[in-house]
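Undergrad: Sequence isn't available, so here's the structure alone:
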């Protein structure tokens, strides 16, 4: 398969003259995501009972994931030199995303144990810190450390659990007639023996996202299209190479 450096070079080349559309799409996506979250809060669902809050949060997350599929379409268009528009990010909302939603719900269920473990650890840490606290300031520092540490571990576990299904949105774009389980199975096959390379590609952008934090998120307008385009090329390369088991292209 193509090396990481070559993927990045090709992504930069294919993005030339397209960054205006890419940045516009990222800003549009942020506005749409913000509107979804705002509706969730203003509707009062964020302050309802626990079960209602969890169900509402799951629906919000699914809507945001549909936007992710639209971004995948946009980046594939860039890398395949096809005509693209910022409004492509809404593609999944208008193309019967039943199978994609099914796959996303299954992925979410797979992540429940990791999230539940993180919540349990936080709860136990809070009790323990309260028991051994000598002053209010010391209690806050322990609580923040537990929160950050648990959040980091939980996010890493969720990332690893969802990694085999990273290509589900991309496969949906090319095989919208497939069922949710089929999308998940083919994603697992495509990423078999390729997960380490994909993790390495993601980690190579850690420094860029660090700079995004320093720029209060503005840098993500350029970094996200660059990263997403590299993932698009990685996906196209995997599809053209075929699954490791049979060596045939999908």
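TA: Here it is on my side, so go on. Just so it is clear, the structure is predicted and the values come from calculations on it, not from any experiment. Numbering: from 1, shown residues only.

Undergrad: For residue 120, grab the count of nearby residues.
TA: 11 (other C-beta atoms under 10 Å). Using the backbone N, CA and C atoms, a C-beta is placed for each residue, glycine as well.

Undergrad: what about it, is that helix, strand or coil?
TA: helix (DSSP: H, G, I helix; E, B strand; the rest coil).

Undergrad: could you measure it against residue 76, distance?
TA: Residue 120 is 40 Å from residue 76, where distance means C-beta to C-beta, to the nearest Å.

Undergrad: Which helix or strand lies directly C-terminal to the lowest-mean-pLDDT helix or strand in the chain?
TA: Every helix and strand in the chain was compared by mean pLDDT, DSSP states H and E; the lowest is helix 136-162, with a mean of 73. The helix or strand immediately downstream of helix 136-162 is helix 168-174, counting by DSSP states H and E.

Undergrad: which residues sit against that following helix?
TA: Residues outside helix 168-174 that contact it (C-beta atoms under 8 Å, 6 or more residues apart in numbering): 65, 68-69, 72-73, 76, 91-92, 97, 99-100, 103-104, 107, 178, 183-184, 186-187, 190, 232, 235.

Undergrad: Stretch 30-44 too?
TA: The contact list for stretch 30-44 (C-beta under 8 Å, 6+ apart) reads 46, 56-57, 60, 63-64, 67, 89-90.

Undergrad: again, 7 Å this time
TA: For stretch 30-44, contacts defined as C-beta atoms under 7 Å, 6 or more residues apart in numbering pick out 46, 56, 60, 63-64, 67.

Undergrad: And that stretch, what's buried?
TA: For stretch 30-44, burial by neighbour count (16 or more other C-beta atoms under 10 Å) applies to 32, 40.
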